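Asker: sequence? don't have it. structure:
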């Protein structure tokens, strides 16, 4: 069984809605929530059942997650430039995102950034946090494209 560490994680995301190609943001992110696909279910237990039952409704979704790192205001390529403006336009395109694990498993999604914050703390380096919401099909593949 192969095992992989943080040095094999890669994170690519469009720096703005509708960008031509995802930017490599790996070096700017040190904490990330899990990439999760959920099957939506509906409770289907009835009177007399002693256990709760659920049946899939045929719809899946990607779960929201956050990314964090040290604040970097590099003018064109840092996380502040890429993440500072939440995707709030009704006509904004979604962003393409690819997260790689161990060079063998790639999570692909179109996403929207729902919020961004810069966090200062006494005696510590300034950090940022951005929340990501998958907006349509999410897939796992063995390639980056």
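Answerer: Received, thanks. Computed from a predicted structure; not experimentally measured.
Asker: can you tell me which helix or strand the residue sitting furthest away from the middle of the chain belongs to?
Answerer: Centroid-distance maximum for the chain: residue 48 at 41.4 Å, with C-alpha atoms, centre = their mean. Assigned by DSSP states H and E, residue 48 falls within no helix or strand.
Asker: what's the pLDDT at the nearest residue to residue 80 once chain neighbours are set aside?
Answerer: In space, and not counting its chain neighbours, residue 80 is closest to residue 73: 4.4 Å by C-beta to C-beta, 6 or more residues apart in numbering. All C-beta atoms are positioned from the backbone trio N, CA, C, and that covers glycine. Per-residue confidence at residue 73 stands at 85 (pLDDT).
Asker: Now for residue 73, how many residues are close by?
Answerer: 12 (other C-beta atoms under 10 Å).
Asker: quick one: it and residue 62, what's the gap?
Answerer: In this view, residue 73 and residue 62 are 29 Å apart by C-beta to C-beta, to the nearest Å.
Asker: for residue 129, same thing?
Answerer: From residue 129 over to residue 62 (counting by C-beta to C-beta), the distance is 19 Å.
Asker: Please compare the two by neighbour count and tell me which comes out ahead.
Answerer: Neighbours were counted for residue 129 and for residue 62 using other C-beta under 10 Å; residue 62 has more, 23 against 17.
Asker: Can you name the residues that contact the more buried one?
Answerer: 35, 36, 37, 38, 109, 111, 134, 135, 138 (C-beta atoms under 8 Å, 6 or more residues apart in numbering).
Asker: Check those residues for burial and list the buried ones.
Answerer: 35, 109, 111, 134, 138 (16 or more other C-beta atoms under 10 Å).
Asker: Each with direction, which strands does the host helix or strand of residue 66 pair with?
Answerer: Residue 66 belongs to strand 65-70 when assigned by DSSP H and E. Strand 65-70 pairs in its sheet with strand 31-32 (antiparallel), strand 127-141 (antiparallel), by DSSP bridges.
Asker: any idea how far the next helix or strand after it is from the chain center?
Answerer: The helix or strand immediately downstream of strand 65-70 is helix 79-83, counting by DSSP H and E. Remark: helix 79-83 is offset 15 Å from the chain centroid, using C-alpha atoms, centre = their mean, to the nearest Å.
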